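Q: Sequence below, structure please.
(chains A and B)
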Amino acid sequence: MFREITLGQYYAVDSVIHRLDPRVKLFGTLIYIMSVFMAGGLSGYLIVTMVYMLVMKLSKVPFSFALRGLKSVVWIVLMTFICNAFFYTGGTPFIKYGVISISAAGIKYGVAMSVRLILLVLGSSILTLTTTPNELTYGLEKAFGFLIKFHVPVQEIALMMSIALRFIPILIEETDKIMKAQASRGTDFDTGSIIKRVKNYIPIIIPLFISAFRRAGDLALAMESRCYRTGYQRTKMYPLKYTKADGKGYLVLMVYLLLFTLAKCTLLYTGNSGFYTM
Amino acid sequence: MPFISIKNLVHQFHVRDMNGEITGEYNAIDDISMEIEEGQFIAILGRNGSGKSTLARHFNNLLFADKGSIWINDILVNHENEDIIWNNRKKIGMVFQNPDNQIIGTTVEEDTAFGPENIGIESENIITLVNEALEAVKMKHKSKMSPNHLSGGQKQKVAIAGILALKPKCIVLDEATSMLDPHSRKELMKFVLELNKKEKITIIMITHNMEEVVNADKLFIMNKGKLLTHGSVNEVFNEVETIKEAGLEIPEITELAIKLHHVNQNFRTGIFTPEEFANEFERVYNEKRNKE
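A: Predicted coordinates for the structure are as follows:
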């Protein structure tokens, strides 16, 4: 059953966004994050939300599927809201009790921060929803390829990432096996104090480490026997090649960034506070 | 000129005590000499710890001789000359025991491409090589799949495809079937035999299962790092005592035939399948009846 785990949250469907080069998508994610940080006020958030909706529509990923990515950050969003709403000291508080002060401005600020966080998570999840982990690794390898000049082993790091991706399901399965083996010898994982329960995981972690090292040794031999050597320029079966669509993608992103910055600067200059402040 | 020639090879391992101090050394391979011709199907047999896997790693230049020498295509293996080593690894591929621990790529196709990518072949040529290799092992239809979804036998086939993509002259199978179920084991053996006959690829099979080696051209039996005996399947299988000394078991049907041969010299030895046994039994029985 553990073999069925899909890594990341790739949603397999053919769309304009899926076909884009991973480097374009990486760049796009960066620009989107920048624009979310620049945005402020109702109009700003409306624009970035609409951009998100548009890209989602293009990517053909069902919105409900994308929302699942929010599950893991729901507590962080909640904490952000509480911290901002209860401890905001700027506005005029209508409830004040010790350090807690709740004001209209604080609640507004908390909502804004939470929205910003949600948009950041949703926006960047488009990248992982439409790009396979492999493409992503290779995209990162290419995007950071310039670091080779500074003697950073980019190719090796990328290969390490892809090997890690391949072995995660295998190690999860192994953990499951070891847990069952230890449980059958009487290890109790579910009762006792927190410290006791953590201690109970030691007989799982040690065999897991030993087996992982053994696997690593085997794998290194297998790689060497297949002519792998470090510091030697490898080639790729499917090298990344920019298409016309990628060019258009870059263009759209640049225009978006330019317009967004322009709007922000104009509003700053004219002193229209609605767009950028709270 | 033999394809691989090993002369008085010795490989030493250090024996360490609890503190990691070297207290002695023992010879995992102790003065072995052998010659392997191109296109042969070779089997090297021995029980656990007999040194057969250590020997296998010498073919692929993963280990180097402490004493003695290895010649591949008449070129002496020298651990200081990297060009020779990389060239040899291209020519001689190796399939390991654990199917999971030798697949590097995240998809079948990517894993097959790993070898060609390492030696810097151009993209278009890699695609051709990979497709040919996957077709040869009949795994083309799974090329985009994750190796985690394959069975053990299929994973070993992918591992072989990864080697075939490098256009090798020889494949070393280091107990490659020992983690497979009997059915996949048979299928893999059949496939390896086909590779040997059709593609003329030299096969060196390392195993402790004597039933797998009945098709081999030449057998080598190892024990405690030494070569006990070698020869054709028929020759070696008749040395029942030597085989027992090596801690191996010959197939029951073969042993029964040898025993019958001792009773009746007319009954031939070198029988490996029940069908052969039945035919031989019928022949001897009919002969005897005709005489009477």
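
Q: if you skip the residues just before and after it, what's nearest to the closest residue to chain A within the stretch 151-292 of chain B?
A: Chain A sits closest to B:Gly162 of the stretch 151-292 of chain B, with a gap of 6.3 Å, by Cβ to the nearest Cβ. Just so you know, the C-beta spots here come from the backbone N, C-alpha and C atoms, and that holds for glycine as well. When the adjacent residues along the chain are set aside, B:Gly162 lies closest to B:Thr112, with 5.0 Å between them (Cβ to Cβ, 6 or more residues apart in numbering or on different chains).

Q: Give me the contact list for the helix or strand the residue of the stretch 151-292 of chain B closest to chain A falls within.
A: Using DSSP states H and E, B:Gly162 sits in helix B:152-164. By Cβ atoms under 8 Å, 6 or more residues apart in numbering or on different chains, the residues outside helix B:152-164 that reach it are A:222, A:226, B:93-96, B:99-100, B:102-103, B:108, B:111-112, B:114-115, B:130, B:132-134, B:136-139, B:142, B:147, B:150, B:171, B:176-177, B:179-181, B:183-185, B:187-188, B:191-192, B:195.

Q: how far does stretch B:130-144 stretch from start to finish?
A: 12 Å (Cα to Cα, to the nearest Å).

Q: What parts of chain A come near chain B?
A: Chain A comes close to chain B at residues A:3, A:133-134, A:162-163, A:165-166, A:169-170, A:215, A:218-219, A:221-229, A:232-239, as judged by Cβ under 8 Å from any Cβ of the partner chain.

Q: which is the next helix or strand following the helix holding B:Gly162?
A: Using DSSP H and E, the helix or strand that follows helix B:152-164 towards the C-terminus is strand B:170-174.

Q: ok, which stretches of the stretch 1-150 of chain B are helices?
A: B:52-59, B:82-91, B:108-118, B:123-136 (DSSP state H, counting those that start in this stretch).

Q: can you pull the contacts of the closest residue to A:Thr131 other than its chain neighbours?
A: Spatial nearest neighbour of A:Thr131, excluding adjacent residues (Cβ to Cβ, 6+ apart): A:Pro22 at 5.2 Å. Contact analysis of A:Pro22 by Cβ under 8 Å, 6+ apart lists A:Thr131, A:Glu135, A:Leu136, A:Tyr138, A:Gly139, A:Leu140, A:Lys142, A:Leu240.

Q: quick one: least confident helix or strand in chain A?
A: Using mean pLDDT, DSSP states H and E, strand A:93-97 stands out as the lowest-scoring helix or strand of chain A, at a mean of 76.

Q: Please name every helix or strand in contact with it.
A: Contacting strand A:93-97 under the criterion 3 or more Cβ pairs under 8 Å, 6 or more residues apart in numbering or on different chains; DSSP states H and E are the following elements: strand A:100-103.

Q: Direction included, what does the strand it packs on pair up with?
A: Taking DSSP bridges as the criterion, strand A:100-103 pairs within the sheet with strand A:93-97 (antiparallel).

Q: Just the CA atoms of the strand it pairs with, as PDB, please.
A: Below are the C-alpha coordinates for strand A:93-97, written out as PDB (Å, rounded to 0.1, in the frame of the first residue of the first chain):
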ATOM      1  CA  PRO A  93      -8.600  48.600  20.900                       C
ATOM      2  CA  PHE A  94     -12.200  48.000  21.800                       C
ATOM      3  CA  ILE A  95     -11.100  45.100  24.100                       C
ATOM      4  CA  LYS A  96      -8.000  45.400  26.200                       C
ATOM      5  CA  TYR A  97      -7.000  42.700  28.700                       C
END
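
Q: ok, which stretches of the stretch 151-292 of chain B are strands?
A: In the stretch 151-292 of chain B, the strands defined using DSSP state E, counting those that start in this stretch lie at B:170-174, B:202-207, B:218-223, B:226-231.

Q: about what we covered before: pull the helix holding B:Gly162 out as CSV, backbone CA atoms only.
A: The C-alpha trace of helix B:152-164 is given here as CSV (Å, rounded to 0.1, in the frame of the first residue of the first chain):
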residue,chain,number,x,y,z
GLY,B,152,11.2,-8.0,-8.7
GLY,B,153,11.7,-9.9,-12.0
GLN,B,154,10.7,-6.8,-14.0
LYS,B,155,13.1,-4.7,-12.0
GLN,B,156,15.9,-7.0,-12.8
LYS,B,157,14.9,-6.8,-16.5
VAL,B,158,15.1,-3.0,-16.2
ALA,B,159,18.6,-3.4,-14.6
ILE,B,160,19.6,-5.5,-17.6
ALA,B,161,18.1,-2.9,-20.0
GLY,B,162,20.3,-0.3,-18.3
ILE,B,163,23.3,-2.4,-19.1
LEU,B,164,22.2,-3.2,-22.7
